[in-house]
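Participant: what's the 3D shape of this:
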Amino acid sequence: MSEKIQSVDYDDLRDLVASNDEGGRNPAGFPKKLIVGTAILWSVFQLYYTSPFPFWLQEVLTQNNIDLNVVVDDTKARSVHLAFALFLAYLSFPALATSPKHRIPIIDWICATAGAFLGAYYLFFYQSLVTRFGAPNLQDIIAGCIGIVLLLEATRRSLGLPLAVIAVIFLLYNFFGQYLPTSWIISHRSGSLSQIINQQWITTEGVFGVALGVSTKYVFLFVLFGALLDKAGAGNYFIKTAFAYLGHLSGGPAKAAVVSSALTGLVSGSSIANVVTTGTFTIPMMKRVGFTQEKAGAVEVASSVNGQLMPPVMGAAAFLMIEYINMPYNELILHAFLPALISYIALVYIVHLEACKMGLKGLPRTDPAKPFLVTLIRAIGTFLTLCIIYFVLELTLGWLKTAVPNEAFLIVCLLLLIVYILLIRRVASFPDLEPDDPNAKIVVLPATKPTVNAGLHYLLPVVVLMWCLMIERMSPGLSAFWGILALSAIIITQRPLLSLFRKENTDKFIQLKEGVQELIKGLETGARNMIGIGIATATAGIIVGVVSLTGFGVQLSGIIEILSMGNVLLMLILVAIFSLILGMGLPTTANYIVVSSLMALVIVEVGKQNGLIVPMIAVHLFVFYFGIMADVTPPVGLASFAAAAISGGSPIKTGATAFYYSLRTAILPFLFIFNTDLLLLDVGWAKGILVFITATIGVMAFTAATMGYFFTKNKKWEGFALILAAFMLFRPGFFMEYVSPTERHIEPAQLVQEIENAAAGQNLTIKVAGLNPYGKEIEFYSKLSIPAGENGEEKLKAMGLTLLNTGEKIQINGNETDKILIDNVEIDSPAAKAGLNWDQTIIDVEVPKNSLPKELMFIPALLLVSALAWNQRRRRNS
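Facilitator: The predicted structure follows:
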């Protein structure tokens, strides 16, 4: 009976994922063929648009005097992208739960056709729209109104009510906010129908804005890459490899669940899909070794949601961030990597502590355990080998591009082909990895060597992708394109090649045909997985457009400032709560767009007014982390419902336990806001390694404190001591400022004299009073880096500042001092970028001073952790 229930649950789960990512409708005949064909065509268009092929073809056509433009510009591509998404959304997603699933009603055909036409509005009327830019005519207004309604309905069908309701509220605010009393903080004067439609549907500031552009240029290809990787068999390979290495450890299946979810999450854009993909195997295994239903589900939820924080994709948010904060992709990945890695290490440690508390064992392994020293030497050897291969490749490719620039591409393709053939030959000597039944009575862990070697060729397209991204510095879209080409070749050829090397008597042509069919199916799956993301980015663009048109972000800053009463920590807590609420029920991409457009500006503005000046990458990661936490938090966390359906536990208890496990993720954003070393900002290799080690120990100490268990059960004072040690490791500067301050206050009149003696590269903090862009009197802080120069005047000029001593006296902190005005700020200078402007009054200056390095606080913190560890081990062994 239980097996029957379990199988039904799995069927329901597959339906859940299908309805969530691809739509729940499954018609037969022509409609099905149309949906499949359209999805494949969408994938082909996106590959064409992102590839270098249109530019090569355009060059050939120009050389042959053929006047035909085959290059699709970004604006037209966004229009085509939305047209495909709307068309497939209405054909794939039923209007209601009671709507027919096996046929498409006539109203949905009408909506799909109208949605595709209006989505492609730019394509059909591009020239006329350009000529009347900013002045929409009646046709534009009608098209925009119908288009927005169709988009909102498609959002409700494919993503549920939350995002559609939020977008409607913002549109209503945009229209009716002009009628609010001027004394209200949220009133505005930008709400005519013509303005709204122009912003939302005619320009690239609303629906067709940056978010949809990122979905078009980058996100689609990474989702497609993930779908093709799964079709190739890499998903099962990642799970098997994780279990082979970790399954025998204490609580091993849970540790394997964390690692396999991390690997799957690298290219996944959906928390729910991640839970179901890995959870159907890992959750029953966790229950088998002793985890309760809720804890097994919570581990899977926490690790799957964390996959959205892990570079290089970050649930597609990485590509939005590079546009929003104007940062190179490789830099963003560098800054986002350490917090995500630390969070995963902490989750593995949580699993370990849970297993220790419950006395759980791992699963029996099939191959004999090797001594730790042998394992360590092999790991170091593998790492050094990879480093050598990397340096040899970089030098060789660099030489090729210089020596034979025209032939370099073909030579690289030939080298990749040789590597692929060698890998396939290696893989052929091991048996294929077959998916196991996690509910089988006897579960035996796969042997490590055959498991790892059975899928080595799957790593090749991942290496191509990462090499193009991080080494060649190609755009994310182009990098994914080359990765997809490599992956497509593997999907088509892996079966016949494996059969050839194994000397099997099979029809190679049939196997080749099967590979082509899998590739086509992957193209379809990738496109259907993109329906929700395409719709989400377009709808989230409505919110961005309203915020941009009305200035609501600044108004929200005022509200948060009033509620927080100028307390920076309280402000951050309020922003975290708002981000959690706004993120509930939203997919990752829409989640980030909403919380960043509303909350990021709040941290920047309110922080500046209260002395907290934070880099934009830290601000955006802060709101992103808490938006993602909404996937875990009851009562809306859909990932928790999916995990509970597998485990048989309570969804609310599963979500609550997952949130408890995610506390270490919740503290990280607060920590890197106050200590940007965790984001590796302006940190060298040596210090970066130190930060990684100390931060890892810190998060493990915090985890041990919150779990109530270190080497044995914690006493109350030990829990407090662990939290203190963790805080010292994460924020050493907090304590060191009391011992040896890094800055000192001077009078504004002494500024020129002081910076003359300051070293270049040191930071200078200036507090000014003046008007903000909306005419409100404010005081805020700005941080400037002291440039090189012969004297103070020259350094001040390099900052872009001209100061004026008015001769007047003002009271600052109870002292009378000269009134110093900012007389001029040069355009695009460091001072202008820091928010300084003319006619502002300088009321305080903090200049750097010689101080002890804050890293000295690591010593007492590490000694405290060591003492607690020694004491608990002694108590456990006594």
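
Participant: And the chain, what are its domain boundaries?
Facilitator: Using automatic domain parsing, the domain ranges for the chain come out as 22-176+194-211, 743-850.

Participant: right, so those domains: which one is the most enclosed?
Facilitator: Comparing the domains of the chain by mean neighbour count (mean count of other C-beta atoms under 10 Å), domain 22-176+194-211 comes out on top with a mean of 18. Quick note: C-beta positions are derived from backbone N, CA and C, even for glycine.

Participant: got any ranges where the stretch 651-800 of the chain has weak pLDDT?
Facilitator: 772-775 (pLDDT under 70).

Participant: go again using 50 as the cut-off
Facilitator: By pLDDT under 50, the stretch 651-800 of the chain has no low-scoring segment.

Participant: need the strands for it, in chain order.
Facilitator: 743-746, 763-771, 777-785 (DSSP state E, counting those that start in this stretch).

Participant: Check which helices and strands the first one is in contact with.
Facilitator: Counting by 3 or more C-beta pairs under 8 Å, 6 or more residues apart in numbering; DSSP states H and E, the packing neighbours recorded for strand 743-746 are strand 841-848.

Participant: can you tell me which helix in this structure is longest?
Facilitator: helix 508-550 (DSSP state H).

Participant: what does the helix or strand following that one contact?
Facilitator: Downstream of helix 508-550, the first helix or strand assigned by DSSP states H and E is helix 552-564. Under the criterion C-beta atoms under 8 Å, 6 or more residues apart in numbering, residues 170, 173, 185-186, 188, 546-547, 570-571, 574-575, 578, 597-599, 601-602, 605-606, 609, 772-774 lie in contact with helix 552-564.

Participant: ditto for stretch 508-521
Facilitator: Applying C-beta under 8 Å, 6+ apart, the contact partners of stretch 508-521 are 40, 228, 231-232, 488, 491-496, 499-500.

Participant: for stretch 666-673, same thing?
Facilitator: By C-beta under 8 Å, 6+ apart, the list of residues contacting stretch 666-673 from outside reads 339, 342-343, 569, 572, 576, 603, 612, 614, 618-619, 621-622, 625-626, 629, 678-679, 699, 702, 730-731.

Participant: Count the residues that sit near F409.
Facilitator: Neighbours of F409 under the rule other C-beta atoms under 10 Å: 12.

Participant: what distance separates stretch 66-76 from the centre of its chain?
Facilitator: Counting by C-alpha atoms, centre = their mean, to the nearest Å, stretch 66-76 is centred 31 Å from the centre of its parent chain.

Participant: next one: stretch 536-555
Facilitator: Using C-alpha atoms, centre = their mean, the offset of stretch 536-555 from its chain centre is 20 Å.

Participant: got the CA coordinates for it in CSV?
Facilitator: Extracted C-alpha coordinates of stretch 536-555, given in CSV (Å, rounded to 0.1, in the frame of the first residue of the first chain):
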residue,chain,number,x,y,z
ALA,A,536,8.2,36.8,-15.2
THR,A,537,10.9,39.2,-16.4
ALA,A,538,8.4,41.0,-18.6
THR,A,539,5.9,41.5,-15.8
ALA,A,540,8.6,42.5,-13.3
GLY,A,541,9.5,45.1,-15.9
ILE,A,542,6.1,46.7,-15.2
ILE,A,543,7.2,47.2,-11.5
VAL,A,544,10.6,48.6,-12.6
GLY,A,545,8.9,51.0,-15.0
VAL,A,546,6.5,52.3,-12.3
VAL,A,547,9.3,52.8,-9.8
SER,A,548,11.3,54.7,-12.5
LEU,A,549,8.4,56.8,-13.6
THR,A,550,7.1,57.8,-10.1
GLY,A,551,10.3,57.8,-8.0
PHE,A,552,8.6,55.3,-5.6
GLY,A,553,12.0,53.9,-4.6
VAL,A,554,13.0,57.2,-3.0
GLN,A,555,9.6,57.5,-1.3
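
Participant: got a list of what the residue nearest to C468 when sequence neighbours are not counted touches?
Facilitator: With sequence-adjacent residues excluded and distances taken as C-beta to C-beta, 6 or more residues apart in numbering, C468 is closest to S479, at 3.6 Å. With contact taken as C-beta under 8 Å, 6+ apart, S479 is in contact with 465, 468-469, 472.

Participant: Save the strands of the stretch 651-800 of the chain as JSON lines, and put in distance to I559 too.
Facilitator: Output for the strands of the stretch 651-800 of the chain, formatted as JSON lines (distance: least, C-beta to C-beta, whole Å):
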{"stretch": "strand 743-746", "distance to I559": "31"}
{"stretch": "strand 763-771", "distance to I559": "20"}
{"stretch": "strand 777-785", "distance to I559": "15"}
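
Participant: need the contact list for V412.
Facilitator: V412 is in contact with 397, 400, counting by C-beta under 8 Å, 6+ apart.

Participant: would you list every one of the helices in the stretch 251-400 of the chain?
Facilitator: Assigned by DSSP state H, counting those that start in this stretch, the stretch 251-400 of the chain shows helices spanning 252-265, 271-288, 293-306, 317-324, 329-358, 372-403.

Participant: and if you look at the stretch 551-700 of the chain?
Facilitator: Along the stretch 551-700 of the chain, the segments classed as helices by DSSP H, counting those that start in this stretch run 552-564, 568-583, 588-595, 601-609, 616-629, 638-647, 651-661, 663-674, 685-707.

Participant: picking up where we left off before, if any of the contacts of stretch 666-673 are buried, give me the PyMOL selection for them.
Facilitator: Entered in PyMOL, the line below selects the buried ones among the contacts of stretch 666-673, by 16 or more other C-beta atoms under 10 Å:
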select buried, resi 339+342+343+572+576+603+612+614+618+619+621+622+625+626+629+678+679+699+702+730+731
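
Participant: tell me the pLDDT at the residue minimising distance to the centre of the chain?
Facilitator: By C-alpha atoms, centre = their mean, the chain has its centre lying nearest to M314, at 2.6 Å. We have a pLDDT of 75 for M314.

Participant: is it true that A254 touches A355?
Facilitator: Yes: counting by C-beta atoms under 8 Å, A254 touches A355, with 7.0 Å between them.

Participant: More neighbours: which of those two?
Facilitator: More crowded of A254 and A355, by other C-beta under 10 Å: A254, with 33 against 23.

Participant: so what's that one scoring on pLDDT?
Facilitator: Predicted confidence (pLDDT) for A254: 81.

Participant: before we move on, back to that, rounded mean pLDDT for the longest helix of the chain, please.
Facilitator: In this model, helix 508-550 has an average pLDDT of 90.

Participant: residues contacting A211?
Facilitator: The contact partners of A211, by C-beta under 8 Å, 6+ apart, come to 320, 537-538, 540-541, 544, 589, 593.

Participant: Name the helix or strand for it, please.
Facilitator: For A211, the host element (DSSP H and E) is helix 210-214.

Participant: Pull that helix out as PDB, backbone CA atoms only.
Facilitator: What follows is helix 210-214, C-alpha atoms only, in PDB (Å, rounded to 0.1, in the frame of the first residue of the first chain):
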ATOM      1  CA  VAL A 210      16.600  45.500 -18.900                       C
ATOM      2  CA  ALA A 211      15.000  42.400 -17.300                       C
ATOM      3  CA  LEU A 212      13.400  41.100 -20.500                       C
ATOM      4  CA  GLY A 213      16.700  42.000 -22.300                       C
ATOM      5  CA  VAL A 214      18.700  39.900 -19.800                       C
END
